[in-house]
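got a structure for you, letters missing:
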């Protein structure tokens, strides 16, 4: 499940939640986290969060979030999958001829 949240430091982080490290879900592990950066009033850029680490999974404590995890838009999920080459399986549809 993908989530987007804002840290107390003001950074907006997005990624795939792969694990919760506590019973009350107070620590989330995010795979390939990205940071959303405002580039202009109408545009948002994305960049890797902590790009100088080899670790592809980072853990975040909910106490360090000023906005609790929320559901992201489908377009943001699709962009994350495209960047990290995650195979996208199309919805199955029956074609009747």
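Received the coordinates, thanks. A quick note: this is a predicted structure, and the numbers were derived from the prediction, not measured.

What lies in contact with stretch 16-33?
Identification of contacts with stretch 16-33 by Cβ atoms under 8 Å, 6 or more residues apart in numbering yields 1-3, 13-15, 48-50, 56-63, 69, 80, 83-84. C-beta: built from backbone N, CA, C; applies to glycine.

Same question for that stretch: list its buried residues.
The neighbour-count check on stretch 16-33 (16 or more other Cβ atoms under 10 Å) flags 16-17, 28-33 as buried.

same deal with stretch 36-47?
Neighbour-count burial for stretch 36-47 flags 36, 46 (criterion: 16+ other Cβ under 10 Å).

Of all pairs in the buried residues of stretch 16-33, which one spans the longest distance?
Pairwise distances across the buried residues of stretch 16-33 peak at 13.5 Å for 28 and 32 (criterion: Cβ to Cβ).

where does this structure have low pLDDT?
Within the chain, the ranges that satisfy pLDDT under 70 run 21-25, 86-92, 95, 97.

about what we covered before: reformat the buried residues of stretch 16-33 as JSON lines; add secondary structure.
Below are those laid out as JSON lines (DSSP: H, G, I helix; E, B strand; the rest coil):
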{"residue": "16", "secondary structure": "strand"}
{"residue": "17", "secondary structure": "strand"}
{"residue": "28", "secondary structure": "strand"}
{"residue": "29", "secondary structure": "strand"}
{"residue": "30", "secondary structure": "strand"}
{"residue": "31", "secondary structure": "strand"}
{"residue": "32", "secondary structure": "strand"}
{"residue": "33", "secondary structure": "strand"}
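
Having no further points to raise, I will conclude here.
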